[in-house]
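# Could you look at this predicted model? Sequence included:
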Amino acid sequence: MTDFLWLWILLGVVVVVGFGSALVVPRLRRGRSDGSATITRPPEAAEDAADDSAGAEPAATATAVLERPAPADGRMVRLRDRLARSGSPLGARLLTMLSREQLTEDDWDEIEETLLLADLGTGPAEELLEALRTRVRVLGVREPAAVRDLLREELLKIVDPTLDRSLALDRPVVDGETKPAVVLMVGVNGTGKTTTVGKLARVLVAEDKSVVLGAADTFRAAAADQLQTWGARVGVETVRSDRDGADPAAVAFDAVRTGAADGADVVVVDTAGRLQNKAGLMDELGKISRVITREAPLGEVLLVLDATTGQNGMQQAKVFSEVAGVTGIVLTKLDGTAKGGIVVAVQRELGVPVKLVGLGEGPDDLAPFDPEDFVDGILGL
Ligand SMILES: Nc1nc2c(ncn2[C@@H]2O[C@H](COP(=O)(O)OP(=O)(O)OP(=O)(O)O)[C@@H](O)[C@H]2O)c(=O)[nH]1
């Protein structure tokens, strides 16, 4: 009898361990052509795969709950309200100065200084100053409401509402085959690139697009883990390398090829972008672009810039723009600066529009840039 009892206990342990391990397998990894990159499926897909192979019960025991990201529309309003509530120094100071009864040359110097301190850059600051001088002269008596209106108009003009800020996400057709739209994210380390790729994936998922992420920042080992975590939260798969320091171009290529094979709408590729020197950067980004375009053309090359670095970040931005053929700018950490003039400066300097802005560290703190909301925020409207 005792022997039978032990036999039953042993059998029970085997069943529990076997069943448990089938459920606990968190991810499905599949080797790539060159053995350098792996695909990390999100929990939902991994469970489906485990179910298929083990013939187990449907995943009623699944613990991972996919998040549903908030729609991107209207997110800029949050920045506008925050800027307005913080009594943005730029808008408040300009309004006060322009409402003075007599504007002397000293006053105009002070206005110019305010514009420069707001990171607007010399060219745009002078342009705005000239426009304001002319309009104030014509306006004569200056009611606060009229000053606000003219300031709003002129600020909006230099931010430029006519620029096309939409992301080029139409899927290209290559040799009769529809490929995913490819977005390459470049920029100096620490600007918020990886975080922005994660946030962008959420924006795209909120628009019901299927997405694949490529962790081509193989320089910083944690970047791939970080990206994978972002993806898994919204059911997006990440292609990454198992080796630190693997060839970023190979990972980028595998990501795009995986996206194409899966029929994904968009592939977003994160890069390391260490600015050792211009030649090194050019080699790395040039190779990534060349290799990706063997599979599909690049839809967007987005340069991620930290708004809090102001004019200091401009030099780096220019190098990236020369090297990578940037098509749009993502200005992160706009929540951390009340200056805002950098939006204008960087657009002018690089000749491409700010398309997205980072508004905080939260997962849905990335918004399509809206010039009107931005200017209203600066003016506290
Ligand atoms: N306040 C604020 N913080 C942000 C924003 N975007 C990113 N960050 C923070 O910036 C820090 C750096 O972000 P990462 O995404 O790791 O930067 P990275 O450019 O990928 O850096 P490397 O991987 O080293 O190249 C993180 O703490 C982010 O949470 C933003 O819009 N606002």
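Cool, got the structure. Remember, it's a predicted structure, so these values are computed and weren't measured experimentally. Numbers count the residues shown, from 1 in each chain.
# and the residue of the chain found nearest the ligand, bridged to which residues?
Residue nearest to the ligand within the chain: Gly358 (2.2 Å; Cβ to the nearest ligand atom). From N, CA and C alone the C-beta is placed, and that goes for glycine too. Under the criterion DSSP bridges, Gly358 forms beta bridges with Leu366.
# now Glu300
Judged by DSSP bridges, the bridge partners of Glu300 are Val183.
# show me what contacts it?
The contact partners of Glu300, by Cβ atoms under 8 Å, 6 or more residues apart in numbering, come to Leu167, Ala168, Leu169, Ala181, Val182, Val183, Leu184, Thr327, Gly328, Lys355.
# near the ligand, which residues of the chain show up?
189-195, 217, 220, 223, 272, 332-333, 335-336, 358-361, 365 (Cβ under 6 Å from any ligand atom).
# Where do the helices of the stretch 101-250 of the chain begin and end?
Along the stretch 101-250 of the chain, counting by DSSP state H, counting those that start in this stretch, helices occupy 105-117, 122-139, 144-159, 193-206, 221-233, 248-262.
# Quick check: which of these is nearest to Ala317?
Of all the helices of the stretch 101-250 of the chain, it is helix 193-206 that lies closest to Ala317, at 13.2 Å by Cβ to Cβ.
# what's the residue nearest to Leu379 when sequence neighbours are not counted sitting at in phi/psi?
Using Cβ to Cβ, 6 or more residues apart in numbering and skipping the chain neighbours, the partner closest in space to Leu379 is Gly91 (4.1 Å). In terms of degrees, to the nearest 10, the main-chain angles of Gly91 are phi -60, psi -50.
# related to what we said a few turns ago, which of the residues of the chain next to the ligand count as buried?
Neighbour counting with 16 or more other Cβ atoms under 10 Å marks 189, 191-195, 217, 223, 272, 332-333, 335, 358-360, 365 as buried within those.
# circling back to that earlier point, list the residues that contact the residue nearest to Leu379.
Here Gly91 is in contact with Leu83, Leu151, Ile378, Leu379, Gly380 (Cβ under 8 Å, 6+ apart).
# pLDDT at it, what is it?
Note on Gly91: pLDDT of 82.
# Identify the nearest residue to Gly325 in space, disregarding sequence-adjacent positions?
Val301 (5.6 Å).
# quick one: low-confidence parts of the chain?
1-37, 39-64, 84-89, 141, 275-276 (pLDDT under 70).
# Repeat the analysis, applying 50 as the threshold.
Residue ranges of the chain with pLDDT under 50: 1-2, 11, 13-35, 45-63.
# ok so, going back, report the two of the contacts of Glu300 separated the most.
Within the contacts of Glu300, Val182 and Lys355 form the most distant pair, 15.4 Å apart (Cβ to Cβ).
# out of those two, which sits in the more crowded spot?
Between Val182 and Lys355, Val182 has the larger neighbour count (other Cβ atoms under 10 Å), namely 30 against 21.
# got the contact list for stretch 100-112?
Leu94, Met97, Leu98, Ala125, Glu126, Leu129, Leu132, Arg133, Val136, Arg142.
# ok, now stretch 185-196?
197, 200, 217, 219-220, 223, 226-227, 230, 268-275, 285, 301-306, 309, 313, 316, 320, 324, 326, 330, 332-333, 356, 358, 361, 366.
# cool, and stretch 281-299?
Against stretch 281-299 from outside (Cβ under 8 Å, 6+ apart): 167-170, 172, 174, 179-184, 186, 216, 248-250, 252-253, 256-257, 259-260, 266-267, 269, 271-275, 301, 319-320, 323-325.
# Identify each buried residue in that stretch, please.
Of the residues in stretch 281-299, Leu281, Glu284, Leu285, Lys287, Ile288, Ser289, Val291, Ile292, Glu295, Ala296, Leu298, Gly299 count as buried by neighbour count, 16+ other Cβ under 10 Å.
# Then stretch 333-348?
Within stretch 333-348, the residues that qualify as buried are 333-335, 337-347, counting by 16+ other Cβ under 10 Å.
# what do you get for stretch 360-378?
The neighbour-count check on stretch 360-378 (16+ other Cβ under 10 Å) flags 360, 363-371, 373-378 as buried.
# Among those, which lie within helices?
Applying DSSP state H to the buried residues of stretch 360-378, the entries found in helices are Pro371, Asp373, Phe374, Val375, Asp376, Gly377, Ile378.
# The fourth one and Leu155 touch, don't they?
By that I understand Val375. Yes: the criterion here is Cβ atoms under 8 Å, and Val375 meets it with Leu155 at 4.7 Å.
# shared neighbours of those two, which are they?
Between them, Val375 and Leu155 share no contacting residue, judged by Cβ under 8 Å, 6+ apart.
# Measure how buried Val173 is and give me the count.
By the criterion of other Cβ under 10 Å, Val173 has 10 neighbours.
# Bridging across strands, which residues link to it?
Counting by DSSP bridges, Val173 forms beta bridges with Thr178.
# So it is in contact with Lys179, correct?
Yes: Val173 lies in contact with Lys179 (Cβ under 8 Å); the separation is 7.2 Å.
# dump the residue contacts of the nearest residue in space to Gly263 that is not next to it in sequence.
For Gly263, ignoring the flanking residues on the chain, the nearest one in space by Cβ to Cβ, 6+ apart is Ser210 at 7.3 Å. Shown in contact with Ser210 (Cβ under 8 Å, 6+ apart): Asp262, Gly263, Ala264, Asp265, Val266.
# Ser210 and Glu300, how far apart?
Between Ser210 and Glu300 the distance is 17 Å, computed by Cβ to Cβ, to the nearest Å.
# How about Leu120?
Taking Cβ to Cβ, one finds Leu120 at 26 Å from Glu300.
# Now Leu120: closest residue in space that isn't a chain neighbour?
Using Cβ to Cβ, 6+ apart and skipping the chain neighbours, the partner closest in space to Leu120 is Gly341 (3.4 Å).
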